[in-house]
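J.: give me a 3D structure for the following:
(chains A and B)
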Amino acid sequence: MTLSLNVQDIALKKGHKLLVSNVNLTATSGDAISLTGANGVGKTTFLRCLAGFTPPHRGSIQLVENDSQLDGVSIIENYSHYLGHAEALNPARRVDQELQFHCDYLGGTDLSLREAIARLRLGALLDLETRMLSAGQRKRVSLARLLMVPRPIWLLDEVLSPLDIAHRALMVDIMQAHLSGGGIMVCAVHDPLPFDTRALHLTRPSLEEIGNA
Amino acid sequence: MLKASLALLKRDIGLSWSRGGGPILAVGFYLTLMAMIPLSLGPETQVLARVAPGLTWLSLALASLLSLERLFERDYEDGLFDILRGGKLPLEAIALIKCLAQWIGTGLILALLTPMVMIILGAPVEAAGLSLVAAVLGSLSFALIGGVGASLSLGSRKGGVLIALLVLPFYVPPVIFGAGLMQAYLTGAPITQALGLLGAYSLFALALCPIATGAALRSALN
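T.: Predicted coordinates:
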């Protein structure tokens, strides 16, 4: 199965403010896109738009599977994982409860849950309440759903930033395994990823583009 | 989808108990309010027995308001909706499940206390069964309508008062039907009319509120 994500000439707005315009992107199975740009330029908004949380102000996002275009499918419901800054962990619940919920809700199996826990070395954290976790540990818990429920498109928003060196290396391995298995990854980063990626640099629109919007 | 729904329901019911004790707070509020009634009206049993049904329903409506603010707010701040929208359930179903969890976690417990409270205030013991049925129906509509208010005020600071203002007018019909039902029972008038209207209002809320809540959530999340 080959999958391709085509973004044509999209413009994004936040409120009335034009964030970016004329963004084009074609990513096919195995592609990793590193999304860069200054703070506030619209990286998170772009990723959320790809996931389908917010419609673009202009332009289109299409998903093509084995040369047939998928119309009207929700990318986030079926094809992608979106990991943002918020880890969606309730401070009053234990790590194992939250992981079990993410797994059951998104359609994972008990086996995939156990494998994800082992792969991300979460075993020692399972019976802690999530409010006890450090930022890096919280991020690792939220990363588990990438492995529990296999989906081809990963939309990741600076997921490596809070991790320590050993877990960054582990996560890079996991990302490469995902890509070599035919996945697509769009990752907002400030530090470059240590493997081959295509760069997509977002810049503020020119005054003329703001005037036209 | 069933597995996802049950997982969400289980999570929310569990959270209602650990989330700063929502049901315990509501029960405490309800009982304290009821304890104040004889203190403010005086201890004459005839007066109390006459006002017991109306005041019980008023207190039930107010106690149902208490934990509404946290219904969606916490998950909204935590970013849980990013995960919830990544599943197969539409926002309308998510809204319905969260309101049902709110009802089971808080409203149903208040409803179970209602006959006891009414009897303590002087209503006859025979009215217990009917008042329980009415309170169960009423608290279901309170939770569902409350969900609409909670979702509309999502993202606004100090949403609690806003929710109360939005929601209380829609709490009026169940209060009228519920209290009227008890008055009718106590005076020996037929009860089917009030009970039918109360049931109809709850079904109406069950059918329409999840759609309204889902739409409000969608607009708040975009």
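J.: which residues of the chain score low on pLDDT?
T.: As the question left the chain open, I've gone with chain A. A:71-73, A:213 (pLDDT under 70).
J.: sorry, I should have been clearer: chain B.
T.: Ranges of chain B meeting pLDDT under 70: B:19-21.
J.: which phi and psi does residue 154 have?
T.: The chain I'm using is chain A. phi -110, psi 120 (degrees, to the nearest 10).
J.: if you could check chain B rather than the one you did, that'd help
T.: phi -60, psi 130.
J.: ok but residue B:12 is inside a strand, no?
T.: No. Under DSSP: H, G, I helix; E, B strand; the rest coil, residue B:12 sits outside any strand and is assigned helix.
J.: list the contacts for residue A:84?
T.: A:44, A:47-48, A:157, B:79, B:82 (Cβ atoms under 8 Å, 6 or more residues apart in numbering or on different chains). For glycine as for every other residue, the C-beta is placed from the backbone atoms N, C-alpha and C.
J.: please narrow the residues you listed to those residing in helices.
T.: Among these, the residues falling in helices (DSSP state H) are A:44, A:47-48, B:82.
J.: any chance of these in TSV, with distance to residue B:198 too?
T.: Converted to TSV, the ones in helices among the contacts of residue A:84 look like this (distance: Cβ to Cβ, whole Å):
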residue	distance to residue B:198
A:44	47
A:47	48
A:48	43
B:82	38
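J.: report how many residues lie close to the residue of chain B found nearest chain A.
T.: Closest to chain A within chain B is residue B:79: 2.6 Å, counting by Cβ to the nearest Cβ. By other Cβ atoms under 10 Å in any protein chain shown, 18 other residues sit near residue B:79.
J.: which residues does it contact?
T.: The neighbours of residue B:79, taking Cβ under 8 Å, 6+ apart as the test, are A:84-88.
J.: could you rerun that using 6 Å?
T.: Residue B:79 makes contacts with A:84, A:86, A:88, as judged by Cβ atoms under 6 Å, 6 or more residues apart in numbering or on different chains.
J.: mind putting the residues you listed into JSON lines with distance to residue A:211 and secondary structure?
T.: JSON lines is the format used below for the contacts of residue B:79 (distance: Cβ to Cβ, whole Å; DSSP: H, G, I helix; E, B strand; the rest coil):
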{"residue": "A:84", "distance to residue A:211": "31", "secondary structure": "coil"}
{"residue": "A:86", "distance to residue A:211": "34", "secondary structure": "coil"}
{"residue": "A:88", "distance to residue A:211": "39", "secondary structure": "coil"}
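J.: domain-wise, how is chain A divided?
T.: With automatic domain parsing as the criterion, the domains of chain A are listed as A:1-79+A:152-213, A:88-150.
J.: with chain B as the reference, name the closest of these.
T.: For the domains of chain A, proximity to chain B was assessed by Cβ to the nearest Cβ; domain A:88-150 is nearest, at 3.6 Å.
J.: mind checking the end-to-end distance for the closest one?
T.: 19 Å (Cα to Cα, to the nearest Å).
J.: that domain and chain B, are they touching?
T.: Yes. Counting by Cβ under 6 Å from any Cβ of the partner chain, chain B has neighbours in domain A:88-150: A:88, A:92, A:101, A:104-106.
J.: who wins for proximity to residue B:129 among the domains of chain A?
T.: domain A:88-150 (36.5 Å; Cβ to Cβ).
J.: please name the nearest non-neighbouring residue to the residue in chain A positioned nearest to chain B.
T.: Residue nearest to chain B within chain A: residue A:86 (2.6 Å; Cβ to the nearest Cβ). Distances taken as Cβ to Cβ, 6 or more residues apart in numbering or on different chains place residue B:79 nearest to residue A:86, at 2.6 Å, with adjacent residues excluded.
J.: the spatially most central residue of chain A sits in which helix or strand?
T.: Taking Cα atoms, centre = their mean, the centroid of chain A lies closest to residue A:155, which sits 1.9 Å from it. Assessed by DSSP states H and E, residue A:155 sits inside strand A:153-157.
J.: alright, calling it a day.
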